[in-house]
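Asks: Prediction below, plus the sequence it came from.
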Amino acid sequence: MTSSRIAFVVIGCSASMLAVGCGDGGDVAATQTSSPASSSGPAVQSATVNIASFAFAPDTITLKAGGSVTWINRDKAPHTAENTAEEGPPERFDTGRLTRGQQKRITFVRPGTYTYYCVYHRFMEANVIVR
Ligand SMILES: [Cu+2]
């Protein structure tokens, strides 16, 4: 009677060990989460940049290649959005002089980072990133 009882305990033990081993790997993998990169956001087909209080808002646009950005001047002062050749941009662009309420749409074809400024107020700087 003693020997059969020992055998029963051993079988029960190994069965529970199998169950634990089975559940282990899957649970660990399921709890892992990846944090998405949120620095520049998803690329969009079109965007609007408001020029207000001597600043471009938003100051960074991430655009799909072939997409367009529309600049609208909300200030009393005239502004432009244009880039320079010195920074080695993929392409030059220039909205020209925009007075209050005026807007200009520019289409971007070549991928790259376009850092631009206002020719009247050089401290006004912003970026269009084309992917
Ligand atoms: Cu300006």
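Replies: That came through, no problem.
Asks: for the longest strand anywhere in the chain, packing partners?
Replies: Among the segments of the chain that qualify as a strand by DSSP state E, the longest is strand 60-73. Helices and strands touching strand 60-73, as assessed by 3 or more Cβ pairs under 8 Å, 6 or more residues apart in numbering; DSSP states H and E, comprise strand 44-52, strand 103-107, strand 125-130. C-beta: built from backbone N, CA, C; applies to glycine.
Asks: Measure how the second one sits relative to strand 44-52, angle-wise.
Replies: Relative orientation of strand 103-107 and strand 44-52, computed by axes from the mean of the first three to the mean of the last three Cα atoms, to 10 degrees: 150 degrees.
Asks: ok, residues contacting strand 103-107?
Replies: The contact list for strand 103-107 (Cβ atoms under 8 Å, 6 or more residues apart in numbering) reads 66-73, 81, 93, 95-96, 98.
Asks: Flag every residue of this structure that's near the ion.
Replies: Taking Cβ under 5 Å from the ion as the contact definition, the chain meets the ion at 79, 118, 120-121.
Asks: nearest to Phe54, of these?
Replies: His121 (5.7 Å; Cβ to Cβ).
Asks: Tell me who's in contact with the closest one.
Replies: Taking Cβ under 8 Å, 6+ apart, one finds 54, 77, 79 in contact with His121.
Asks: Distance check, it against Trp71.
Replies: Distance of His121 to Trp71, computed by Cβ to Cβ, to the nearest Å: 14 Å.
Asks: Give the buried subset of the contacts of strand 103-107 as a ChimeraX selection command.
Replies: Typed into ChimeraX, the line below selects the buried ones among the contacts of strand 103-107, using 16 or more other Cβ atoms under 10 Å:
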select :67,69,71,72,73,81,93,95,98
